[in-house]
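1. predicted model, plus sequence, below.
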Amino acid sequence: MKLLVVEDENKTADYVRQGLMEAGFVVDLARNGLDGHHLAMSETYDLVVLDVMLPDVDGWRIVRSLRDAGKQVPVLFLTARGSVDDRVKGLELGADDYLVKPFAFSELLARVRTLLRRGSAPSQPDRIQVADLVLDLPRRRATRAGQRINLTSKEFALLELLARRQGEVLPRSLIASQVWDMNFDSDSNVIDVAIRRLRAKIDDAFNPKLIHTPRRSRPASLALRVTALVGIATTLVFLAFNWVVVRSLEHHFAQQDAHELDAVVTALAEPLRQIANDMDKDELRQHLANAVAGHHGMTYGVYDRPGNTIYATPGPDLSKLASSKKLVNRITADDLTVWQENQRSYRGVALQLPADDSAAPGYRIVAAMDIGFHLDFLAEFKRMLWWATCLVLCIALGVAWLAVQWGHLPIRKVNEEIRTIRSSKLDVRLDPLDVPIELAELVVAFNDMLARIEEGFVRLSHFSADIAHELRTPVTNLITQSHVALGQPRSAEEYREILYSNLEEFDRMSRMIGDMLFLAQTENDPRNLRLGEIDLAELIRGLFDYFEALAEDRNITLYAKGAAEPIRADREMLLRALNNLLSNAIRHTPYGSRITVALAQDERWTTISVENPGERISEADLPKLFDRFFRVDPARQRKNAGAGLGLAIVKSIAEAHGGHVQATSSDTATKFDLTLPRIA
């Protein structure tokens, strides 16, 4: 089997090649991306082991070139880039496996053999079709509906990515990573412009549309919300006001017309009562013609019971109203009838004289008046009212907008103050008294957040200094020991001892890195707990069995007391916390003493206490015991101590379960209390 290793770190490259050759493989080595790209493209290999960060040409490009050229040789990425995004990108580009440094060579060898057993990956199709869009991958050509579409290399790569992932919503960061090899978020709109240009070539002249961009609507601004609310409220108020005013005017005119019509009808009824005195018909008509005076625009008529006209003034036809069933005995505004005739509007009433009136039995009097003047007035009034409403609405909206802008001045001021805060000025705090009371709680919450950030930043700064110190010591040991070993020729046994010593330092650094990763995972995602019911007494007995040999060497007695009901917790995490507490106690307990592990429980909490005799810890040092890399010994001598992360891990596990841990110390003993909720 012939393998290609592309690695720019000389020592890593040499021992990987040596290990693979000792395992029976033929290995070619390239120490930069350019040579690796040339060998991978020109030679035939059964497997390529590839780093990412290479000089000249990086590993991403090499894999992309291999797959674009149709080479399906298995690829294993061997790199220090271990984020989820990096692993996903490598596998998406066409890699078959991904191994993160540092690694165990036995694992690398197992992965290599597994990939070789699988054989070459199945060949990828050289043609992708979506609807009537066809991509010819070997020739890098695109056609739609039989028409050739000219694309740049980046446009084709972008289109290929979209076609391979059809039906998926691809984030901009993934597109930038896959097409442009940009592995960070950018504030520019390069992706939007590229998509727009590609859509112009692929979609604009064709149907159906293939490229879609989901848009997430942005919430409306506070100014727009308040202004719109004021505008809607003002509009509704003025609409209601206009309706009330217009209705009142219409009712007023109707009442006014009713009084006019009542006066006319009363004047007409008097001549009709004289018929019983044998008044001549012509004389009656003369009396009816002269009965009404001083009423402008008034028309009227008198009809007998069969509907014959006795008298009618020129104007609208009143006979229809006289013959209608809408006859009244008394005139009110609600009894008036409105109709149009010859493009003029009238309001009138038909009155039935009382049947017991012997002077004029059965006569009907119809009176109507032209209401065009009223309607013209109302129309003009409505226009003026609408213009006034619009003007007031514009003024209200303008005032509301200005009020909102003025009201937002404190927010803009707070924003400007926040913009001045830098990592070097995390001690700056906003004054809640300088802002309106509505923003005071926000400012207080921001100050609290800033205090937590400052605390974390300070802790991170100290942590960086501490980890530099902790790593510098084993690295110094390795360098010094290697220099001394190379100072003169030595026997194979001596070299073996040196390698064993180096391996101890490597193991110490590996444990330190593992502990730091565990802390980071626990603190970043404390909800990722595998909860289960745990019998604490059984768990402690198991720990006693584990530490029995170590305790016997120091003639230390392990003693358990108390009882507690089972609790819900993550077994592995709780076991690690108790392991750290117990190993810490054994490390600091004098020869021939006793360590006591006690259980106590109330309705809400379960407390596990680990107490060991030893020197008193000062009150100043007690709060720092759970800080990372803290040691009571100011010289920070290692002896058999760990890296100083054990108690920090205990605290992190306790807080992940919603509990806490504390330490107390007296002249005779030191006790750690791990308190957890009964139901986590």
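-> Yep, that arrived.
2. residue 38: neighbour count?
-> If you count neighbours by other C-beta atoms under 10 Å, residue 38 ends up with 13. C-betas here are computed from N, CA, C, even on glycine.
3. now the helix or strand harbouring it, how far from the chain's geometric center?
-> If you go by DSSP states H and E, residue 38 is part of helix 33-42. From the chain centre to the centre of helix 33-42 is a distance of 43 Å (C-alpha atoms, centre = their mean, to the nearest Å).
4. now it: buried residues?
-> For helix 33-42, the buried set under the neighbour-count rule, 16 or more other C-beta atoms under 10 Å, comprises 33, 35-37, 39-40.
5. helices and strands around the next helix or strand after it, which ones?
-> Following helix 33-42 in sequence order, the next helix or strand is strand 47-50 (DSSP H and E). With contacts taken as 3 or more C-beta pairs under 8 Å, 6 or more residues apart in numbering; DSSP states H and E, strand 47-50 sits against strand 2-6, helix 59-68, strand 75-79, helix 105-118.
6. how about the third one: buried residues?
-> Pointing back at strand 75-79 there. 75-79.
7. which of the helices and strands in this structure ranks last by mean pLDDT?
-> The weakest-scoring helix or strand in the chain, judged by mean pLDDT, DSSP states H and E, is helix 281-291 (a mean of 70).
8. show me what secondary structure element comes after that one.
-> Next helix or strand after helix 281-291 toward the C-terminus (DSSP H and E): strand 298-303.
9. my read: residue 410 touches residue 439, true?
-> Yes: using C-beta atoms under 8 Å, residue 410 makes contact with residue 439 at a distance of 5.9 Å.
10. show me what contacts residue 477?
-> Residue 477 is in contact with residue 505, counting by C-beta atoms under 8 Å, 6 or more residues apart in numbering.
11. where's it, which helix or strand?
-> Using DSSP H and E, the element containing residue 477 is helix 437-486.
12. who are the packing partners of whichever helix or strand comes after that helix?
-> Per DSSP H and E, the first helix or strand lying C-terminal to helix 437-486 is helix 492-524. The elements that helix 492-524 packs onto, with contact taken as 3+ C-beta pairs under 8 Å, 6+ apart, are helix 437-486, helix 646-656.
13. just to revisit the earlier point, looking at the helices and strands packed on strand 47-50, which is closest to residue 414?
-> helix 59-68 (43.6 Å; C-beta to C-beta).
14. distance between the closest one and the chain's centre?
-> 34 Å.
15. counting contacts, what elements does that helix pack onto?
-> Secondary-structure packing of helix 59-68 (3+ C-beta pairs under 8 Å, 6+ apart): helix 33-42, strand 47-50, strand 75-79, helix 84-93.
16. whatever helix or strand comes next after the last one pairs with which strands, parallel or anti?
-> Downstream of helix 84-93, the first helix or strand assigned by DSSP H and E is strand 97-100. Sheet pairing here is set by DSSP bridges, and for strand 97-100 it gives strand 75-79 (parallel).
17. need the residues that contact the strand it pairs with.
-> Contacts for strand 75-79 (C-beta under 8 Å, 6+ apart): 7, 16, 47-53, 59, 63, 66, 86, 90, 94-101, 103, 108, 111-112, 115.
18. so how do I select the buried members of those residues in PyMOL?
-> A single PyMOL command selects the buried members of the contacts of strand 75-79 (16+ other C-beta under 10 Å):
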select buried, resi 7+16+47+48+49+50+51+52+59+63+66+86+90+94+95+96+97+98+99+108+111+112+115
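19. how's the chain carved up into domains?
-> The record's domain parsing of the chain by automatic domain parsing lists 2-118, 127-202, 235-379, 526-677.
20. of these, which is nearest residue 214?
-> Taking the domains of the chain one by one with C-beta to C-beta, domain 127-202 is closest: 5.9 Å.
21. distance from that closest one to the middle of the chain?
-> Its chain's C-alpha centre and that of domain 127-202 lie 27 Å apart, by C-alpha atoms, centre = their mean.
22. all helices for the stretch 251-400 of the chain, in order.
-> According to DSSP state H, counting those that start in this stretch, the stretch 251-400 of the chain carries its helices in the segments 281-291, 319-323, 372-407.
23. quick check: angle from the last one to helix 437-486?
-> With axes from the mean of the first three to the mean of the last three C-alpha atoms, to 10 degrees applied, the angle from helix 372-407 to helix 437-486 works out at 40 degrees.
24. quick check, residue 577 in contact with residue 650.
-> Yes: the pair residue 577 and residue 650 qualifies as a contact (C-beta under 8 Å) at a distance of 4.6 Å.
25. common neighbours of these two, please.
-> Joint contacts of residue 577 and residue 650 (C-beta under 8 Å, 6+ apart) are residue 674.
26. for these two, indicate the residue with more neighbours.
-> Taking other C-beta under 10 Å, residue 577 and residue 650 do not tie; residue 577 has more neighbours (28 against 24).
27. residues contacting the more buried one?
-> 649-650, 653-654, 674.
28. buried residues in the strand or helix carrying it, which are they?
-> Using DSSP H and E, residue 577 maps to helix 571-588. The neighbour-count check on helix 571-588 (16+ other C-beta under 10 Å) flags 573-588 as buried.
29. by how many degrees do it and helix 646-656 diverge?
-> Going by the same axes, to 10 degrees, helix 571-588 makes 150 degrees with helix 646-656.
30. which stretches in the stretch 201-350 of the chain count as strands?
-> Applying DSSP state E, counting those that start in this stretch to the stretch 201-350 of the chain gives strands spanning 298-303, 309-312, 327-328, 337-341, 344-352.
31. the fourth one pairs with which strands, parallel or anti?
-> Using DSSP bridges, the strands paired with strand 337-341 are strand 344-352 (antiparallel).
32. give me the contact list for the strand it pairs with.
-> Strand 344-352 has contacts (C-beta under 8 Å, 6+ apart) with 254, 257-258, 261, 265, 299, 316, 318, 321-322, 324, 326-329, 331, 335-340, 362, 364-372, 375.
33. narrow those residues to those that are buried.
-> 254, 257-258, 261, 265, 299, 316, 318, 321-322, 327, 331, 335-336, 364-371, 375.
34. I'd say residue 62 and residue 51 touch.
-> No: contact criterion C-beta under 8 Å: residue 62 and residue 51 do not qualify, at 9.6 Å.
35. what do these two both touch?
-> Residues touching both residue 62 and residue 51 (C-beta under 8 Å, 6+ apart) are residue 6.
36. relative to residue 27, which of the buried residues of helix 33-42 is nearest.
-> residue 39 (11.5 Å).
37. pLDDT at residue 4, what is it?
-> Looking at residue 4, its pLDDT stands at 94.
38. and the gap between it and residue 331?
-> According to C-beta to C-beta, to the nearest Å, residue 4 and residue 331 sit 111 Å apart.
39. do residue 496 as well
-> In terms of C-beta to C-beta, residue 496 sits 128 Å off from residue 331.
40. with residue 21 instead?
-> Taking C-beta to C-beta as the measure, residue 21 falls 121 Å from residue 331.
41. kindly report the same for residue 86.
-> 93 Å.
42. same question, residue 286
-> Distance from residue 286 to residue 331, by C-beta to C-beta: 25 Å.
43. one more: residue 302?
-> 16 Å.
44. could you do residue 481 as well?
-> Residue 481 is 123 Å from residue 331, by C-beta to C-beta.
45. make JSON lines out of the helices and strands packed on strand 47-50 and add distance to residue 599.
-> Below are those laid out as JSON lines (distance: least, C-beta to C-beta, whole Å):
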{"stretch": "strand 2-6", "distance to residue 599": "55"}
{"stretch": "helix 59-68", "distance to residue 599": "54"}
{"stretch": "strand 75-79", "distance to residue 599": "47"}
{"stretch": "helix 105-118", "distance to residue 599": "40"}
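46. what's the closest of those to residue 561?
-> Nearest to residue 561, of the helices and strands packed on strand 47-50 and by C-beta to C-beta, is helix 105-118 at 44.3 Å.
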